[in-house]
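Enquirer: Here's my sequence, what's the structure:
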Amino acid sequence: MPGGAPSLLITHRFWQSHFGSDPAAVGRTLTLDGTGYHLAGVLPAEFQLAPGADLWLPIGQYQDDLTGRVHHPFSMLARLKSGVTIEQAQAQLSTLERQIESEFPDTHKGWGVLAARLERASTSHMRLALLILFGAVGLVLLIACANIVNLLLAQNAARQKEIALRIALGASRRRLIRQLLTESILLALLGGTLGIMIAAGGLRVLNAFLPPDLASVKDTGLNFWVLAFTVAVCFLAGIACGLVPALQTLRENLHGMLKDGGRTSAASVGQKIRSILVVSEIALALVPLVAAGLLLRSFHRLLAEDPGFRPERVLTVQITQPQLSLAAAQKLTNDQQIELARKQSLKFEDIAARVQGLPGVQAVGGINVLPLGITIQSASRFVLEGETVPPAGARPVAEVRLASLGYFSAMGIPLRRGRLLAGADYGGSNILINEVMARRFWPGEDPIGKRINLCSLDPTPCWSPIVGIVGNVHEYGLDTAPTFDVYFTGGWTDYLVIRAASEPAALAHAVAEQIHRADPNLPIAQVSSLDNLLSDSLSPRRFSTVLLGSFAVLALILAAVGIYGVMSYMVSLRTGEIGIRMALGAQPRDIWRLIVGRGARMASAGVAIGFAGAFGLTRLLSSLLFGVRPTDAVTFTLVAVLLVAVALLACYVPARRAMRVDPIVALRYE
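Expert: Got it, this is the predicted structure:
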């Protein structure tokens, strides 16, 4: 309740690490920023709404601008009533929003509301990537099934004399089909068992590549539902793989096989089916290979993107000091607020000076929000001086950053025009903007000296003169366009940024000592290199690329195995024919062309069919690509060449064996 006693909830992780899982911790008082909070309870261990948060405070008990109608920083969570769809909820919320807009047009005009299921919203940025990976798994499964069908066709062809004898002795075809399906199902279940054993170890490798947003996947593991799904897939795959070979085998002239020993009929069993299956394998393998190639080229382009700063040899340290509540800050006069900002700046600059004196430190600065984050922080809607003021919801948004004097030097962000911030700007209104903002709002003009109102949603404007222009920084990842960035100084910056002459991690202990010498009560919450933060920002794309690439390689290997198996079987069946050809004067190179040519034709047909599918399916990758088109000609060409080369390589061993056939031995074999 507003005005009630301050209280909070803590996560299960925080309860274990700070209270040793003591049940008596509930009811105790925690002190945050000089204010005591009643510990009302501990959240369950499976609570994963915001994995990075440890403390949860109720917003309704505080009288500040967050509970007013000026800003809109929150997302609302609600549980739908039984039988209510998300579409119905969206319609009701839209009606409510229109009513609020009519009542409060100054603060709500131009805003909207979007209803989405929590499980979808929490993984929306990775949803398409996961669906594509699921599709790749399906393609690999189909390729594996095609290989099993080829294997069973060959095996059943070798057993046709046995099957003919069984039928001659009175066995029904239904019983024989049941036997052959049982064998294929057992084979699939054995393969599934082996796959589960491999998956148990593979999950550890997979967890190393999981992006932070999918950290909850680590808690899933091989549970009952995963195992049940695996068994069901294996069972269905066993039926699907065994049915075609069983029916094909029983369609043959089994009585004729008893007369000629099964040789002639066995040679003709399933030849067309095997060739079609190999062509299908190549076509199916081409799709994930193209997708993986596009993601790989996209990831390479992303790594080459300039983040707007130099991340090498930079250490970041998060240090947070107690801040005044908004209610207390509102009681301060303007001069008192300026003086408070000046004192906070001087305190931070004192810490920066101490750290600057450490051996191996080149530059030190501070910022309130580090770049490469994934959530919007400290954004403000602004208007230009002298321009028509648009509705609140239509005003442009700027990312507002509080920076120390040495921040731009420590980060390697260049000054393009004007000057940087100085000590005289403490508590003042002078600001810096980035290049993209200057080009967008003052094309062909010099923005230096222009003013913008960063408090456009407040009753009282705060006009800020522009004194300099700095380079663009990718605030929300390398794959997002630079935002409109505004920098000012005067106050405490939560992140200390240190540029080192060598390995930055070696400075962490010395930096912590200097911070605690300046103020023993300052908590150090996070220590990380800027390279690691950059790597974490790329983790979703790295995850998708590595996993899809792994499935693509597996699909390529399976397709190669399928081609090798078919060509080897073909050579064994045509041994007599090859012997006759060589006895009549055929050269080994002729036999080579015969075998390899067959493989090349199947590979070419598979590539042609695969291209048709890939051109359509890769368009789904558009939102996952960066600097690469879904129909990138280089990727398609390289994948086609790779597949044909692998197919020819798979034909190499059978072709070599065919070239060494002794005509005398082959004719005697016949």
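Enquirer: Residue 440 - nearest residue in space that isn't next to it in sequence?
Expert: residue 484 (7.1 Å; C-beta to C-beta, 6 or more residues apart in numbering). Every residue, glycine included, has its C-beta placed from N, CA and C.
Enquirer: again with residue 54
Expert: Residue 54 sits nearest to residue 14 (C-beta to C-beta, 6+ apart), 4.1 Å away.
Enquirer: Which helix or which strand is home to the one you found?
Expert: Assigned by DSSP states H and E, residue 14 belongs to helix 12-19.
Enquirer: Can you name the element that comes right after that helix?
Expert: strand 29-32.
Enquirer: Give me the mean pLDDT for that following strand.
Expert: Strand 29-32 shows an average pLDDT of 81 in the prediction.
Enquirer: And it, what's buried?
Expert: residue 30 (16 or more other C-beta atoms under 10 Å).
Enquirer: now stretch 17-29
Expert: Quick answer for stretch 17-29 (16+ other C-beta under 10 Å): 19, 25.
Enquirer: Outside of it itself, list whatever touches it.
Expert: 10, 15, 36-42 (C-beta atoms under 8 Å, 6 or more residues apart in numbering).
Enquirer: Narrow these to those that are buried.
Expert: Using 16+ other C-beta under 10 Å, the buried members of the contacts of stretch 17-29 are 10, 15, 37, 39, 42.
Enquirer: wait, isn't the last one in contact with residue 12?
Expert: Yes. Taking contact to mean C-beta atoms under 8 Å, the distance of 6.1 Å between residue 42 and residue 12 places them in contact.
Enquirer: and the protein, what are its domains?
Expert: 7-121, 124-304+539-669, 321-522 (automatic domain parsing).
Enquirer: what about residue 445, how many residues close to it?
Expert: For residue 445, the neighbour count with other C-beta atoms under 10 Å is 10.
Enquirer: One more: the one 5 residues further on?
Expert: Here the neighbour count serves as a burial measure; for residue 450 (other C-beta under 10 Å) it reads 17.
Enquirer: Could you report the separation of it from residue 437?
Expert: 11 Å (C-beta to C-beta, to the nearest Å).
Enquirer: Residue 482 - how many residues pack around it?
Expert: Residue 482 - counted by other C-beta under 10 Å - has 18 other residues nearby.
Enquirer: Let me see the contact set for the residue nearest to it when sequence neighbours are not counted.
Expert: The shortest distance from residue 482 to any non-neighbouring residue, by C-beta to C-beta, 6+ apart, is to residue 472 (3.8 Å). Contact partners of residue 472, counting by C-beta under 8 Å, 6+ apart, are 308, 434-436, 482, 485.
Enquirer: Mind putting these into TSV with pLDDT?
Expert: Listed next are the contacts of residue 472 as TSV, based on pLDDT from 0 to 100:
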residue	pLDDT
308	92
434	95
435	95
436	95
482	91
485	94
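Enquirer: With secondary structure and distance to residue 660 added, can I get those residues in TSV?
Expert: What follows is the contacts of residue 472, written out as TSV (DSSP: H, G, I helix; E, B strand; the rest coil; distance: C-beta to C-beta, whole Å):
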residue	secondary structure	distance to residue 660
308	coil	63
434	strand	70
435	helix	69
436	helix	68
482	coil	65
485	strand	71
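Enquirer: Can you lay out those residues as TSV showing distance to residue 560?
Expert: Shown next, in TSV, are those (distance: C-beta to C-beta, whole Å):
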residue	distance to residue 560
308	44
434	51
435	50
436	48
482	45
485	51
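Enquirer: Return the closest of the residues you listed with respect to residue 462.
Expert: Proximity of these to residue 462 (C-beta to C-beta) peaks at residue 485, which lies at 17.5 Å.
Enquirer: Show me what the closest one is bridged to.
Expert: Per DSSP bridges, the residues bridged to residue 485 are residue 399.
Enquirer: from the chain's centre, how far out does the helix holding residue 14 sit?
Expert: 29 Å (C-alpha atoms, centre = their mean, to the nearest Å).
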